[in-house]
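A.B. asks: Output the structure for:
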Amino acid sequence: MAEPRKPGPLVYSIAAHRGFADALVAGLVPRYREEGFGLARLTLLVPSSRAARTLSEAFIRHAGATGEGGLLMPRMIAVGDLDLDEKLGAALDPLGASDIPPACDPVRRWLTLDRLVAEEPAEEGMDALPGRARLNLAREMARTIDRLLVEEKEVADLLGEAVLDSVAGLAEHWKRSIRLFARVNLRWQAELAEMGQVDAATRRNLLFARAARRWKEAPPPNPIVAVGVTSASPALARLLRVIAELPQGAVVLPDLDLAMDDEAWEELGLAGASAEPGGPVFAPGDALTHPQYHLKLLLNRMGVNRAEVQQWHRRGIAAADPARARAISSLFLPPQASRAWEALEANRRRLDGVRLMASATIEEEAQGIALLVRQALEQPEKRVAVVTADRGLARRVVQHLERWNIAADDSAGRPLALTPAGRLFGLIAEIAANGPEPARLVAAFGHPLLRGWDEAARRDWLKGLRAFDRSLRGPALAPGMEPLRKAAAKAKVTAWWEDAEALVALLADWPKEIALAEALAKLSAAAEAFAHGAVWEREDGRALGQMVEELRGTAEALGTRIETADLGGVLRDAMEAVAVRPGYGGHPRVAIYGLLEARMARADLVICGGLNEGSWPQPPGADALLAPAILRALGIPGAEFRIGLAAHDLAGAMGAPQVMLSRSLRDAEGPTLPSRFLLRVEALLGDDLDKEHRERAIPHLLPHLDRLRPPAPDYPRPAPDPGPSLRDVPIKVTALDRLLGDPYQFYAQAILGLRRLDPLANDPFSDPALRGTLVHDLLDKWHRAKRDEPGLALAPFAAAHFKAERVHPLFRALWQPRLIAGLERFEQWIADDVAEGRTVLATEIDGAMTFEGVKVQGRADRIDRLADGSLAIVDYKTGRVPTKEEVEAGYALQLGLLGLIAERGTFTDRKTSEVVQGHATKFEYWSFKKDEGFGKRESPMKLSSREKGLLPDAFLPHHIAKLEEAIRRFIKGSDPFTARANPDYKGYTDYDQLMRLDEWLVRMTGPESKDSAP
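C.D. replies: Residues are numbered from 1 along each chain as shown. The predicted structure is shown next:
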């Protein structure tokens, strides 16, 4: 039984080094255990259900350590952590509390606030917000309302004198935000009153007040102890004061620094206690980021002096040396008090058992942490906890542990949007919102839940999907289903597409605006069509089903409507707010926690990962609606308050017997800055850091973790030398310059037959091939149509062609006007040429010749018959036009080779079988360059003394010489196909990765070049 107590509040603090949960249990069991009842009469008030599980595990460990066969556990009641979206325990929120209004459903509040926000801007003369932005603002308003209510602030407080004085000095956007928030909040409270409900935070305050009043008037006959509760909300602080004064009550706080001197304690600031009656309770200079600030705020609101707090003298199973607590106290001294570091005694800075590890990248950090866990588990009964605010790092650690068959679950969970069920639901929502865009369509069709119930069916499905994916590579398709049908037909998967289109049809042709409940019902049906019941299975499926059902039912009751285009983003935002936590079944001695989940937890080795700015601590998110000055005027801590909580979390974690503080020098976004807390640790350790506390073993082991391979030799400049039979390939007119300038590109394309794999839905604006294909196809069709309709105008024909081809709308808007302007100029040139006796013979015509036993082939964009009977070869250019110097150097040989084919071979029209032959004397580039309007004609030859290049008489002989050289050296010869043989050649970059260019090019250009061109 508990011993008689002295009058006054009974408040204890458990120092960080003692291990809160185990030390607490070690003291509770002998104090409150009764014969025959164990601890069944004891009630513990804990901060969250996670804390209750932590204490349960501590009771079990204590029973095992003391050899007890069993123990009746105390009753544990959660006060409900708002950050974890938890509710109060049954004892604080009994079924009989009919005198307190019920709490409004949070989803209903969110959607109602959305409606109110939509109605208010019109009255303020502001533009209405789009749907997704409006819903996000409503969610932010709900958070701000809760923040005010937890601090017991009403709407009327926003009109107080202190607030109005602060508003006067704010920027105009802050004033608009405050007015909008006040009006929406006022209307919301009126609607709540009509429904007879209150906000959940208000009900929480009322329940705390009810319990405090009842326990004060009639103290419970059995002991009540509040343990680990650090929330400083006024209502909860008053309840804790009542518990501390109960005859059998007590409050036990974690890591309250009783060793800090009074001067440093005062330096923390006002912390809720005004210096004078009616004065401010928070000052601009308050040390909100200090780990003890929120505890000082709690004590002030409880009306307890720090001198009244007693030290808890029991130690836990995983307790550290007492010197650790003294060092932690010194570590987090406020700025002025930290000057004492200069003369700090060794026992005040001793951090034995604490090591620091720095990794080059976040991936190496995760691998190092996993190796530390693996190493620790070799010791029987040793417990390991990984604590990090970076969920990406936590996921990496989990994956690395799997290589040793160590199942470690991240208790902080994953956002629903990142789970398989959430990803599938988000993808089909994006398809419904934005249409069947190829990238999202392929991602949805390839989702692992699709056909996952039948291995053979999934294998056949993926076979069809891969062929469909390949056909979609290239320029972005026009919106709609018809281009997708053509792509499926091109890939020869028409039967597969029939099944796929049936799925997409559920998401097609939605109205511009739709009822949210109807949209969710349609998406649910589509998700079941995609994945059957698998989408609702497992933890993520159940969480998704619960979120969808809650949102659908409330949206249907309120008649919420949403623009279809916002649907994907809105649901993704909603899923990001839902954490999916794993079930039980992981390794019993390994735990991975977020900062909230780690509170009160303890292990023999605690690894604090991701100690970088922006991760631990995370950047304080400023309130989007209330300026910091307004919060101070209202008496509410600022956003920096959470940095102090993160510091307190680190202080608690550092109390473990062994601690590893880890960070990476770079993350996925670039270089990182070390956490301010880590910098304090390094400064406190001083010269001892590198001598005793720097972790060196793990970083040295990491390179040897996998099989050690010898260093790869320098990769040589590629120069393949295929056999004669492989060399005997045709030469395309567009490939001769490539063969001479960069033989390896010719080898990869013509001999290996490799082609670049274009991305899905390639950018139509940066793809010259798309523009070239459109223009060549258009002009070919126009010339052929003119044979039957001589007066056919080009501009309207072009506009109709672009429309019929269902060209991407953005491409049509940005490029079509320029192309048509250039085409109109082409039309005028053609008409002028006809007047001079020049006629168009053929367009898009294929030709070939045999030259020294090698086939040379190509396609001419256009061939004209000149007045003297000779031929003119025209090449349309939608991109860059080769210069005369490049032609002379042998880097642009297409036109000349086409002239040789006309002279020595034949051109045959593939549609009419018409044959074109003759001597070519004129060669022209027709481009869309801007030259007094779009469109320009240029010749690759030197036609005047002011120009450079080849004279007309030397033009074709020059091409003959280049062709002879290429055949002699590469096709019939034995020269290797050396990569980048001529650095001046401006070829393609499609094969740079294949030739491993970056590995040897540096040596080529360095002062000690080993390789050289043959």
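
A.B. asks: phi, psi of residue 664?
C.D. replies: Main-chain dihedrals, residue 664, degrees, to the nearest 10: phi -110, psi 150.

A.B. asks: Identify the residues contacting it.
C.D. replies: By C-beta atoms under 8 Å, 6 or more residues apart in numbering, residue 664 lies in contact with 358, 359, 360, 361, 362, 364, 365, 610, 612, 672. Every residue, glycine included, has its C-beta placed from N, CA and C.

A.B. asks: now the helices for the stretch 101-250 of the chain?
C.D. replies: In the stretch 101-250 of the chain, the helices defined using DSSP state H, counting those that start in this stretch lie at 106-124, 131-150, 161-168, 172-195, 200-217, 234-245.

A.B. asks: rewinding a little: dump the contacts of residue 664 into JSON lines; add pLDDT, secondary structure and neighbour count as well.
C.D. replies: As requested, those are arranged in JSON lines below (pLDDT from 0 to 100; DSSP: H, G, I helix; E, B strand; the rest coil; neighbours: other C-beta atoms under 10 Å):
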{"residue": "358", "pLDDT": "95", "secondary structure": "strand", "neighbour count": "18"}
{"residue": "359", "pLDDT": "94", "secondary structure": "strand", "neighbour count": "22"}
{"residue": "360", "pLDDT": "92", "secondary structure": "strand", "neighbour count": "12"}
{"residue": "361", "pLDDT": "94", "secondary structure": "strand", "neighbour count": "14"}
{"residue": "362", "pLDDT": "94", "secondary structure": "helix", "neighbour count": "24"}
{"residue": "364", "pLDDT": "94", "secondary structure": "helix", "neighbour count": "20"}
{"residue": "365", "pLDDT": "96", "secondary structure": "helix", "neighbour count": "29"}
{"residue": "610", "pLDDT": "95", "secondary structure": "coil", "neighbour count": "27"}
{"residue": "612", "pLDDT": "96", "secondary structure": "strand", "neighbour count": "25"}
{"residue": "672", "pLDDT": "94", "secondary structure": "coil", "neighbour count": "19"}
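
A.B. asks: so can I have TSV of those showing distance to residue 965?
C.D. replies: Listed next are the contacts of residue 664 as TSV, based on distance: C-beta to C-beta, whole Å:
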residue	distance to residue 965
358	58
359	55
360	50
361	49
362	53
364	52
365	56
610	61
612	59
672	55
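
A.B. asks: So what's the residue count around residue 635?
C.D. replies: In terms of burial, residue 635 registers 19 neighbours under the definition other C-beta atoms under 10 Å.

A.B. asks: Check residue 143 too.
C.D. replies: Residue 143 sits with 14 neighbouring residues when counted by other C-beta under 10 Å.

A.B. asks: Tell me the predicted confidence for it.
C.D. replies: With respect to pLDDT, residue 143 has a value of 91.

A.B. asks: Adjust the sequence numbering to begin at 143 for everything that follows.
C.D. replies: Will do, 143 is the new start, and the previous item becomes residue 285.

A.B. asks: hmm, back to that, tell me which of the contacts of residue 806 is nearest to residue 422?
C.D. replies: The nearest member of those to residue 422, counting by C-beta to C-beta, is residue 754 at 34.2 Å.

A.B. asks: Which positions within the lengthiest helix in the chain qualify as buried?
C.D. replies: Ranked by residue count and defined by DSSP state H, the top helix of the chain is helix 951-977. Using 16 or more other C-beta atoms under 10 Å as the test for burial, helix 951-977 gives 953-954, 957-958, 961-962, 964-969, 972, 975.

A.B. asks: Mind giving me the packing neighbours of that helix?
C.D. replies: Contact partners of helix 951-977 among helices and strands, from 3 or more C-beta pairs under 8 Å, 6 or more residues apart in numbering; DSSP states H and E: helix 910-930, helix 936-946, strand 1062-1072, strand 1076-1080.
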